[in-house]
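Colleague: no sequence on hand, only this structure:
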């Protein structure tokens, strides 16, 4: 080993910085992993607790895996848990939520698209003022409008009904849906509308044949946003509903609050997961469009 | 023959701002009218007014002998090509071209026949099933023209259609538009800020500035007899030389005195029957100043000038001298012996001269 040359100082330095980089990288991963675990902890507790029997919850540890899997709590939450005096689980309320959310999402998205199209591409007098006022609507705390809205619904004969809730959600969703579509449509060159006008197309024809086909990304964003808002809404649901028309969020609250005697944590957890499942599903299915659509409008604008 | 487009006393305001002031233009069938001017002069607004995309504040617009002032764009029997092409992004090329016919309820067979005709004419058959996003700039331009051609309108409107293309493509598309105009015999109104495009394409040019028409005329009239200093400076490349000078009468003869960078002021013999102010501005195109001995003619007069700059441009050589305190460009033949810093005899062709009043900028002869 006579020709063994000592390592040059530069090489030593290189190796040192390589080691440093690797260490930093692992530290980063460790930190991220830790945070991920921290955030996933409640979900973990929810899922495991919902799969345990009451007996096991009482005796076992909070973060232990279930010794014996049971779906009894899920069955109870879906069709047997008591909300006040009735004991038919979340099921009817879940369907109420579907009946509220689906039409409200479709209506508010459709109207938002039409509003955005008019404000962005048909410069009429006062367009900016109207848009500013709608934006203002986005930032009004909903508590402020509870009383006037209740009076309105009462006068219209919609108090305590599902159509009343749909109307409320459509109105208070319009600010955001209009904002989304308006910001998307202002990036579309005005020449397109002019060309279509010269081609003989009218207001609705241009919207239907030229703007709507372009709008898929922003429609996905709006649908996700609106569905999450409306499905998760509690305030309007609890204020403007009556027995039989309550959405799932209100029913969940009632289940958790109206247990007598032993608190059935497993049923509460299962019910909470059921109530959150649809929005989770929407994110999983369309989440990548959500990110893409949000940036598509803003980068160009 | 009745004019196919007749604009009378057109005014256009945005709020209190006057965009277009008292525009009067009329063209005959088959004319190629070019609206030219610097950006912000109102030429695109005027085109949009003709198309009916902008309401006008005053005046009338007749198209094909009918008053179209308050008629909607679709009923004006026009077709328009936009600067951004404005192709419908979600439709195929074929659908883009037939969209207008579909909207107007033209039957399927006619749509297909017309589409085939136009596609053959513009050589875009292989592109018919593509989306606009998959086309190059030149191809998009063709599709946009196809969309206009398929209508067979009374009037074609072009809004700076070539300004998004690269220089080489622009020149070839320019010739194609010219060919199209000759083959179709169609009437066209064309907006551009490029004075070369205006000169090469037009049968009639409208030069605009600040919403006011400066001059209307054939390319030759605009080039040889600019109505004012603005037109003289704007049209032509390199621009017309505008040389401050003094006039005096020597009996009947008109003498024009111009300061030189070196030596005594030079004196040229002019010819003008009417009155001229003492101070004028002399307009001479670079090609009307040549090297002495290379230009002959009755009114050619030579004077020695100091050459400050020599710019060979291949076919010609441009030299710059200082006259009347201004940089003056002369267009010499390619083999000139001109040297920067040296003196050279330049020949001024006063047969082509324009006189302008320095205060109003108006042409005097």
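Modeller: In hand now; what should we look at? This one's a predicted model, so the numbers in the text were calculated from it and none came from an experiment.
Colleague: look up how far residue A:207 lies from the residue in the stretch 201-301 of chain A positioned nearest to chain B.
Modeller: Going by C-beta to the nearest C-beta, chain B is nearest to residue A:213 of the stretch 201-301 of chain A, at 3.9 Å. To be clear about C-beta, it is placed using only N, CA and C from the backbone, and glycine gets the same treatment. Distance of residue A:213 to residue A:207, computed by C-beta to C-beta, to the nearest Å: 10 Å.
Colleague: between the two, who's got more neighbours?
Modeller: Per other C-beta atoms under 10 Å in any protein chain shown, whichever of residue A:213 and residue A:207 has more neighbours is residue A:207, with 21 against 12.
Colleague: secondary structure of residue B:296: a strand, I assume?
Modeller: No - assignment of residue B:296 by DSSP: H, G, I helix; E, B strand; the rest coil gives coil, placing it outside any strand.
Colleague: count residues in the vicinity of it, would you?
Modeller: Other residues close to residue B:296 by other C-beta under 10 Å number 9.
Colleague: residue A:231 too?
Modeller: 25.
Colleague: doesn't residue A:97 make contact with it?
Modeller: Yes - if you go by C-beta atoms under 8 Å, residue A:231 and residue A:97 touch, sitting 6.1 Å apart.
Colleague: which phi and psi does residue B:270 have?
Modeller: Per-residue torsions, residue B:270: phi -100, psi 180 (degrees, to the nearest 10).
Colleague: what's near enough to touch the residue nearest to residue B:155 when sequence neighbours are not counted?
Modeller: Nearest residue to residue B:155, sequence neighbours excluded (C-beta to C-beta, 6 or more residues apart in numbering or on different chains): residue B:78, at 4.6 Å. Going by C-beta atoms under 8 Å, 6 or more residues apart in numbering or on different chains, residue B:78 touches A:198, B:50-52, B:63, B:153-157.
Colleague: now residue B:78: how far from residue A:176?
Modeller: 40 Å.
Colleague: C-terminal to the helix or strand containing the residue of the stretch 201-301 of chain A closest to chain B, what's the next element?
Modeller: Using DSSP states H and E, residue A:213 falls within helix A:212-214. Counting by DSSP H and E, the next helix or strand C-terminal to helix A:212-214 is helix A:216-232.
Colleague: averaged pLDDT, that following helix. What do you get?
Modeller: Helix A:216-232 carries an average pLDDT of 91.
Colleague: quick one: is that helix near chain B?
Modeller: No - Helix A:216-232 lies out of reach of chain B by C-beta under 8 Å from any C-beta of the partner chain, never closer than 9.4 Å.
Colleague: distance of residue A:20 from residue B:361?
Modeller: Residue A:20 is 73 Å from residue B:361, where distance means C-beta to C-beta.
Colleague: the two - which one has more neighbours?
Modeller: residue B:361 (17 against 10).
Colleague: that one contacts residue B:228, correct?
Modeller: Yes - look at residue B:361 against residue B:228 with C-beta under 8 Å: they come within range, at 4.6 Å.
Colleague: what does chain B have sitting close to chain A?
Modeller: So chain B meets chain A at B:48, B:51, B:53, B:72-74, B:78-80, B:82-91, B:99-100, B:103-104, B:147 (C-beta under 8 Å from any C-beta).
Colleague: please pick the buried ones from these.
Modeller: Taking 16 or more other C-beta atoms under 10 Å in any protein chain shown as the criterion, what is buried in the residues of chain B next to chain A is B:48, B:51, B:53, B:73-74, B:78-80, B:82-88, B:90-91, B:99-100, B:103, B:147.
Colleague: coming back round to it: quick check: pLDDT value at the residue of the stretch 201-301 of chain A closest to chain B.
Modeller: 89.
Colleague: quick one, domains of chain B?
Modeller: B:5-234, B:241-356 (automatic domain parsing).
Colleague: where among the ones you listed is the average confidence lowest?
Modeller: Among the domains of chain B, domain B:241-356 scores lowest, at a mean of 89.
Colleague: what number of residues are in the vicinity of residue 132?
Modeller: If you meant another chain, say so; for now it's chain A. Residue A:132 - counted by other C-beta under 10 Å - has 10 other residues nearby.
Colleague: I was thinking of chain B, sorry if that wasn't clear
Modeller: Look at residue B:132: counted by other C-beta under 10 Å, it has 20 neighbours.
Colleague: wait, it sits on residue B:141?
Modeller: No - contact criterion C-beta under 8 Å: residue B:132 and residue B:141 do not qualify, at 11.0 Å.
Colleague: related to what we said a few turns ago, now the residue lying closest to the residue of the stretch 201-301 of chain A closest to chain B once chain neighbours are set aside: phi and psi?
Modeller: The shortest distance from residue A:213 to any non-neighbouring residue, by C-beta to C-beta, 6+ apart, is to residue B:90 (3.9 Å). Backbone torsions of residue B:90, given as degrees, to the nearest 10, read phi -90, psi 0.
Colleague: and residue B:36, by the same measure?
Modeller: phi -130, psi 150.
Colleague: sorry, back to before: surely the residue nearest to residue A:213 meets residue B:99?
Modeller: No - contact criterion C-beta under 8 Å: residue B:90 and residue B:99 do not qualify, at 11.1 Å.
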